[in-house]
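# build me a model:
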Amino acid sequence: MNKPFITYTAQVEKLTNEKHLIVTDTNFATTSLKNISYFGLIGGYKHPFIDVQTHKYINNTTFEDIVALYEFDEELRGLFFKYLCHIEIKLRSSISYYFCQKHGERQEEYLNPNNYSTAPKSKRGVIKLIKILDNVANKNKDHKYLVYQRNKYHNVPLWVILNALTSGQISKIFEFLPQKMQGLICQDFGNIKKNDMIKYLKVLTLYRNVCAHNERLFSHHTYSSIPDTLIHKKLNIPKHHSKYICGKNDLFCVVITFRHLLPRADFLVFKKHLMHIFNQYEKKNSNLKLDKLYEYMGFPSNWKHITKFRKI
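Next up is the predicted model:
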């Protein structure tokens, strides 16, 4: 059945009368629904507060509880997006440096399939990647700097074109580079194994999209997982059969990835801001305790010890 249109006032009445949500300030509730939307706010953040059987709110949940969780998630998105971008920018720089060090800046070099992995399993991916690079280098008019390079120099260097690519496309370039060049780039990130790096970048790309599109972050899980790390072992994360139950495809896996790919000083700043966001949320909300929130995010209770261990 199609759901009928209902006004903001009716939405508030539905929440109070049918769903047993406590609304003490109807003006605040109406304004919040106008600014965020019923789907974005209630649909996105009601789940920790409702009975899964009755679909009604429990434990005297208030409208402010849901808004507090939404604002908490908004703060998380801003923090995680910042450091996701830091890693993306560094990856762009490393790819550009080592590729141009070997091949120069001419377009024909990064459009030549022989300059990428020659493994049979990579063939289709390389062809697809080069089509994307060719389109951006020779046809894209959305970026003035690309048009300027084409008109003035009749060439768009790799370090210019990389700025017009998505995070996923940059990750694909790394995936299809020759192993020696992948190794040089991995050294810039603390000597990460190339296959691990590919997995890290795939998960980070998915989480970057969540942040960029303002989707719910705190409980998001990806279909891809990061590799098992020493951090999983040192934090004594439990396993189900042979698989760790958290820190693999949840928000905590991004924290683990940051621990591996960010400089230590940057990670310590990130951790400090993350703890601040947690502490501020705990002051605003009494209905959803921090330990329960950790479960949604895949954070073990001892997650703060993550900085005690070497990155292996």
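# need the contact list for the closest residue to residue 305 other than its chain neighbours.
Excluding the flanking residues, the one nearest residue 305 by C-beta to C-beta, 6 or more residues apart in numbering is residue 235, at 6.3 Å. (Each C-beta comes from the backbone N, C-alpha and C, glycine too.) Shown in contact with residue 235 (C-beta atoms under 8 Å, 6 or more residues apart in numbering): 247, 300, 302-303, 305-306.
# what's the answer for residue 307, then?
So residue 307 contacts 259, 264, 267-268, 271 (C-beta under 8 Å, 6+ apart).
# okay, who's weakest in those by pLDDT?
Lowest in pLDDT among those is residue 264, which has 94.
# please tell me how far that one sits from residue 284.
Using C-beta to C-beta, to the nearest Å, residue 264 is found at 31 Å from residue 284.
# got it, and residue 141?
47 Å.
# now stretch 107-126: how far from the chain's centre is it?
Using C-alpha atoms, centre = their mean, to the nearest Å, the mean C-alpha position of stretch 107-126 is found 28 Å from that of the whole chain.
# likewise stretch 224-238?
Distance, centroid of stretch 224-238 to centroid of chain: 18 Å (C-alpha atoms, centre = their mean).
# so where's the stretch 201-312 of the chain uncertain?
For the stretch 201-312 of the chain, the stretches with pLDDT under 70 are 310-312.
# make it 80
Across the stretch 201-312 of the chain, residues meeting the criterion (pLDDT under 80) sit at 285-286, 309-312.
# residue 197 is in what secondary structure piece?
For residue 197, the host element (DSSP states H and E) is helix 194-212.
# show me what that helix is packed against.
helix 63-103, helix 167-176, helix 179-188, helix 251-261 (3 or more C-beta pairs under 8 Å, 6 or more residues apart in numbering; DSSP states H and E).
# contacting residues for the one residue sitting closest to the centre of the chain?
Geometric centre of the chain, nearest residue: residue 207, 2.0 Å, by C-alpha atoms, centre = their mean. Residues in contact with residue 207 (C-beta under 8 Å, 6+ apart) are 80, 84, 217, 220, 222, 251, 254.
# any idea which of these has the most stuff around it?
residue 254 (28 neighbours; other C-beta atoms under 10 Å).
# in stretch 141-151, what's buried?
146, 149-150 (16 or more other C-beta atoms under 10 Å).
# kindly export that stretch (C-alpha atoms) in CSV.
The C-alpha coordinates for stretch 141-151 follow below in CSV (Å, rounded to 0.1, in the frame of the first residue of the first chain):
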residue,chain,number,x,y,z
LYS,A,141,34.3,20.2,-19.5
ASP,A,142,33.1,20.3,-15.9
HIS,A,143,36.4,21.4,-14.5
LYS,A,144,38.0,24.6,-15.8
TYR,A,145,41.5,23.4,-15.0
LEU,A,146,41.1,20.4,-17.4
VAL,A,147,39.9,22.7,-20.2
TYR,A,148,42.7,25.1,-19.6
GLN,A,149,45.3,22.3,-19.8
ARG,A,150,43.9,21.0,-23.0
ASN,A,151,43.7,24.4,-24.7
